[in-house]
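> next input, structure requested:
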Amino acid sequence: VAARKILTPLDIDIAVVVGLAQRIGYLLTGGALTLLNDTTLQLQEKTLTLTLKGQAHGLDADIIADALRDLAHELGREAQLVVG
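As a prediction, the model looks like this:
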């Protein structure tokens, strides 16, 4: 609540996006950051695409798709999850 007094609306929006992106990273890795080497997150005009390949392909789960959807929604994009 105190942060809202010193942050601009744009700062708050950026903080939300960063937090949602960090959530995806943590959900994917559980803190094992090497799994991120087998992922890509790509922001395009209409979509936000998360690609899981190599060892990360087994991380395809509803909780990941939900987190991706939340982040895509915040960015005004459609979520796309690609495994392979």
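> who's Leu50 bridged to?
As for beta bridges, Leu50 partners with Leu41, Leu81 under DSSP bridges.
> quick one: Leu41 from Arg4, how far?
28 Å (Cβ to Cβ, to the nearest Å). All C-beta atoms are positioned from the backbone trio N, CA, C, and that covers glycine.
> list of residues touching stretch 4-24?
3, 41, 50, 64, 67-68, 70-71, 74-75 (Cβ atoms under 8 Å, 6 or more residues apart in numbering).
> just the buried residues from those residues, in ChimeraX please.
A single ChimeraX command selects the buried members of these (16 or more other Cβ atoms under 10 Å):
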select :50,64,67,68,70,71,75
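> can you list the low-confidence ranges for this protein?
For the chain, residues meeting the criterion pLDDT under 70 lie at 1.
> 80 instead?
For the chain, applying pLDDT under 80 flags the ranges 1-4, 31-33.
> so which residue is smack in the middle of it?
Ala21 (3.5 Å; Cα atoms, centre = their mean).
> which strand or helix spans that one?
helix 9-29 (DSSP states H and E).
> tell me how far that helix lies from the chain's centre.
7 Å (Cα atoms, centre = their mean, to the nearest Å).
> secondary structure added to the contacts of stretch 4-24, as a markdown table?
A markdown table is the format used below for the contacts of stretch 4-24 (DSSP: H, G, I helix; E, B strand; the rest coil):
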| residue | secondary structure |
| --- | --- |
| Ala3 | helix |
| Leu41 | strand |
| Leu50 | strand |
| Ile64 | helix |
| Ala67 | helix |
| Leu68 | helix |
| Asp70 | helix |
| Leu71 | helix |
| Glu74 | helix |
| Leu75 | coil |
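> alright, I will stop here.
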